[in-house]
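S.K.: This is a predicted model, with the sequence first.
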Amino acid sequence: MTPHPADAAAPGPEEEPDAAPAPTATEVDESTDVTEPPDGTEQAEPTDGAQPDDMHPATDSEGTDATADAPTGPKPDAEAIEASSDDDEATDETQDAEETDYTEQTDDAEETDDAEETEHVDDAAATGEEAAAEPVPAAEDGHDAHPATTGHGEPASDACSVLFDHDSTSAFGTAARARFFVAVEQPGPWGRDAARESHLDRELGAELDARTVQAGGRFMLIRKPGGHPATDAPRTVLLAHAGSRPGDAWLLRATVRSIGDLLGLDWGALARGSRAMVRASLPGAEPAEPTLLVCTNGRRDVCCAVRGRPLAVHAGRVAPGRVWEVSHTGGHRFAPTAVLLPWGQTYARLDDPAAEWVLGASATDHTPEERLGPQHDRGRSALEPAAQCAESHVRALLGETHLPALWAGVAEARPAAARSDQPTDATPPDAWLVPVTHADGRVWRVRVERAAAGLSRPESCGKKAVPVHEYRVTVVAGPSPAASLTQPQP
């Protein structure tokens, strides 16, 4: 199919700022053994006029996509990067008080195989010896036994995802923006900034992340569900183009011995959706089945570990090889949350049956009917937030489960019906008109408004409460049905 460039973006929600996680359960992700650098890498809090959460770094301050076909500047030598000092394996000893408190309170829950493996690797790094991962006993079903997947605790009553569940807050328009995804297998523990805080070489991870973001994509680490001690085995790489139209999406899978090989990727081709050119830049890349990435990184938010890891293990048993734990999807408040590749279709509040439905339906390019609507459909990543809302809304009205059958166009900013203040040129729009087209030729005009929900909640565990906003969606023109889902549906 002819690829379609990502639509020009209307202002969308910003990527949710990193929060120092607070303990919310008896079990958390073992990745807390990786200490974060006190280098000010956290993003700024959203301003009063900004849309909340999930704006990907691939969009600039005006909400438009970064359109560079490829990053500029010289490419570092792959061998030099991978041969960086063993000092990069060691993590900084200094943490802020909030994170120290978190670590101390969760020490008892952190005695996992990965924690032991991390200590072993660090000792080996200090002596210049190669670290050998401790074996993890296999469960009867073939999955690794791991404390995080058995007898797992429930989230605390004040956890961010529990509060948003209780309020039935709409998830429409909250998918993190990305034209494409680069997902690299990296076993072992992850820090909050996983690309720079894992057993992946820090310089290499930072460079791959920067190149991906500059081209309009999202860089992620993935690992197999369950126990995952570090290993030197070849790594799986997933390359997905989401497509501004879902019919243009594709997914490639490759196995690499050296992650440095990814420095040779054709980043411009990834952004444009040129599958042939991407395959030429990564020998061995082959088409892959739809794949579900479940967010499980407890250093981003404890809800992701407590609620995401058991879900990932269950889903991995249902569809081996098609499910991975992933370092970050955005939207902790909707945990368990997951991204379906290649479409970037993002889900909120998944459970075991829902994960099975997603995996079954996606095998034929569908999304499950049971997960249509604002409680579970966060939108497709290639679209701006207003377009995500419009497409998801019409899909729910029609009961259209075939992903390639429906697509949203460019959102046109419109003044809101009523405002309490006088808008200025610097005021972000809070209403849009979006065309939504069906493959059979039908077209709808959809009005999307961002409105206050009338309550305040923390968008991430350990963060202060902020006013909650939701998108309200109404079909204003087009064939029947022309109803509205202005209220979140159960």
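M.R.: Yes, it's here.

S.K.: hang on, residue 294 in a strand?
M.R.: Yes - read with DSSP: H, G, I helix; E, B strand; the rest coil, residue 294 is one of the residues of a strand.

S.K.: State the number of residues packed around residue 264.
M.R.: By other C-beta atoms under 10 Å, the residues close to residue 264 number 12. Backbone N, C-alpha and C define where each C-beta goes, glycine included.

S.K.: Setting the sequence-adjacent residues aside, check what's closest to it.
M.R.: residue 281 (5.8 Å; C-beta to C-beta, 6 or more residues apart in numbering).

S.K.: per-residue confidence at the one you found?
M.R.: pLDDT for residue 281: 97.

S.K.: same check, this time on residue 19
M.R.: 41.

S.K.: that older thread, which residues sit in contact with the residue nearest to residue 264?
M.R.: By C-beta atoms under 8 Å, 6 or more residues apart in numbering, the contact list for residue 281 reads 264-266, 269.

S.K.: now, which of these sits nearest residue 286?
M.R.: residue 265 (15.4 Å; C-beta to C-beta).

S.K.: Enumerate every residue touching that closest one.
M.R.: Contacts of residue 265 by C-beta under 8 Å, 6+ apart are 182, 211, 239, 278, 281-282.

S.K.: ok, so what distance separates residue 262 from residue 211?
M.R.: 9 Å (C-beta to C-beta, to the nearest Å).

S.K.: err, residue 158, not the other one
M.R.: 39 Å.

S.K.: ok, so of the contacts of residue 281, who is nearest residue 318?
M.R.: residue 265 (31.1 Å).

S.K.: For the closest one, what are phi and psi?
M.R.: Backbone torsions of residue 265, given as degrees, to the nearest 10, read phi -60, psi 150.

S.K.: Residue 352 touches residue 311, doesn't it?
M.R.: Yes - using C-beta atoms under 8 Å, residue 352 is in contact with residue 311, at 6.5 Å.

S.K.: So which of the two has more stuff around it?
M.R.: residue 311 (26 against 15).

S.K.: Tell me where the model's unsure across this protein.
M.R.: For the chain, residues meeting the criterion pLDDT under 70 lie at 1-153, 301, 416-429, 481-490.

S.K.: give me that answer again for 50
M.R.: Residues of the chain that meet the criterion pLDDT under 50 lie in 1-152, 418-421, 423, 482-490.

S.K.: ok, longest strand in it?
M.R.: In the chain, assigned by DSSP state E, the strand with the most residues is strand 443-457.

S.K.: What are the boundaries of the helices in this structure?
M.R.: Remark: helices assigned in the chain by DSSP state H are 78-82, 97-105, 113-127, 160-167, 202-214, 267-272, 275-281, 302-318, 352-362, 385-398.

S.K.: May I have the last one as CSV, with CA atoms only?
M.R.: This file holds the C-alpha atoms of helix 385-398, laid out as CSV (Å, rounded to 0.1, in the frame of the first residue of the first chain):
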residue,chain,number,x,y,z
PRO,A,385,-5.4,13.5,20.4
ALA,A,386,-8.5,15.1,18.9
ALA,A,387,-8.3,12.8,15.9
GLN,A,388,-7.8,9.8,18.2
CYS,A,389,-11.1,10.8,20.0
ALA,A,390,-13.1,11.2,16.8
GLU,A,391,-11.9,7.9,15.3
SER,A,392,-12.5,6.0,18.5
HIS,A,393,-15.9,7.5,19.0
VAL,A,394,-17.2,6.7,15.5
ARG,A,395,-15.7,3.2,15.8
ALA,A,396,-17.7,2.6,19.0
LEU,A,397,-20.9,4.0,17.5
LEU,A,398,-20.7,1.7,14.5
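
S.K.: Many thanks, I have nothing further to ask.
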